[in-house]
Structures are given as structure tokens and as C-alpha cells.
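Visitor: based on what follows, work out the 3D shape:
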Amino acid sequence: MRAAVLVAVMSIVTILLRFLPFIVFRKQTPRYISYLGKVLPPAIIGMLVIYCLKDITPLINPFGIPELIAGACVAAIHVWKRNSIISILAGTIIYMVLVQMVF
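Guide: A predicted model of the protein is given here:
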């Protein structure tokens, strides 16, 4: 019973948080919110790339080669297809194949 109440409360809070911007900004979205909507996604992706590459040790085998190959594939596929999901999924698969079977 306690778990059901917790799930219900979390669901309500999540729904309210999703609808809150639409309730607060009914008439017009402020310029700083629009600015953040344009600037934050690339910044977050950049931080994720740095986080993923931070543990590469270039002096120890495999020298970060799988990460660099997978990253290059993600960039190339994204330029080719312009689809984030496809490029991230393909990069993940390529990285896992390289780490498990090649290096």
C-alpha cells in the first residue's frame, strides 16, 4: 500500500512539473526561456561528451581508440542522417562491439 501511494504522489508531481510551464507561460514565452531552449541542448551534449571521454588513458592500451572511433562514427552518422537517436544508438553499438570483440 505504501508503494502505491509513493508511486501516485510521484506521478502527480511529475505531471504537474510537465504542465507547469504551459500554465505559467500561457500568453508568451519569455525571451530568456527561449534562449535557454536554444543554448542548453548543445551545452548538455558537450558536457556528456567530455564526461564520456574523461577516463581515456592515452598511454595505456587500447589508448582510447574505441572511444575515438565510436565518437567519429556518431559525428559522421549525425551529419549524414541529422537524427540524434540514430547516431547515438549506432555509436553505442559500435563502441560495444569494439570493446567486446576487437579491443
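
Visitor: which secondary element of the chain has the worst mean pLDDT?
Guide: Within the chain, no helix or strand scores below helix 31-53, which has a mean of 91 by mean pLDDT, DSSP states H and E.

Visitor: continuing past it, what's the next helix or strand?
Guide: helix 65-81 (DSSP states H and E).

Visitor: what lies in contact with stretch 60-80?
Guide: Here stretch 60-80 makes contact (CB atoms under 8 Å, 6 or more residues apart in numbering) with 49, 52-53, 56-58, 84, 86-88, 90-92, 94-95, 98-99, 102-103. Backbone N, C-alpha and C define where each C-beta goes, glycine included.

Visitor: now those: which count as buried?
Guide: Buried subset of the contacts of stretch 60-80 (neighbour count, 16 or more other CB atoms under 10 Å): S87, A90, G91, I94, Y95, L98.

Visitor: how does the protein divide into domains?
Guide: Domain segmentation of the chain under automatic domain parsing yields 1-40, 55-103.

Visitor: any stretches of this structure with poor pLDDT?
Guide: The chain contains no residues with pLDDT under 70.

Visitor: nearest residue to the middle of it?
Guide: Residue closest to the average C-alpha location in the chain (CA atoms, centre = their mean): I45, at 6.0 Å.

Visitor: which of the domains of the chain is buried the deepest?
Guide: domain 55-103 (a mean of 14; mean count of other CB atoms under 10 Å).

Visitor: first-to-last residue distance for that domain?
Guide: This stretch, domain 55-103, spans 16 Å end to end (CA to CA, to the nearest Å).

Visitor: how far away is R82 from A76?
Guide: 12 Å (CB to CB, to the nearest Å).

Visitor: which helices and strands sit right next to the least confident helix or strand of the chain?
Guide: helix 65-81 (3 or more CB pairs under 8 Å, 6 or more residues apart in numbering; DSSP states H and E).

Visitor: measure how the helix it packs on sits relative to helix 31-53, angle-wise.
Guide: Helix 65-81 and helix 31-53 are oriented at 140 degrees to each other (axes from the mean of the first three to the mean of the last three CA atoms, to 10 degrees).
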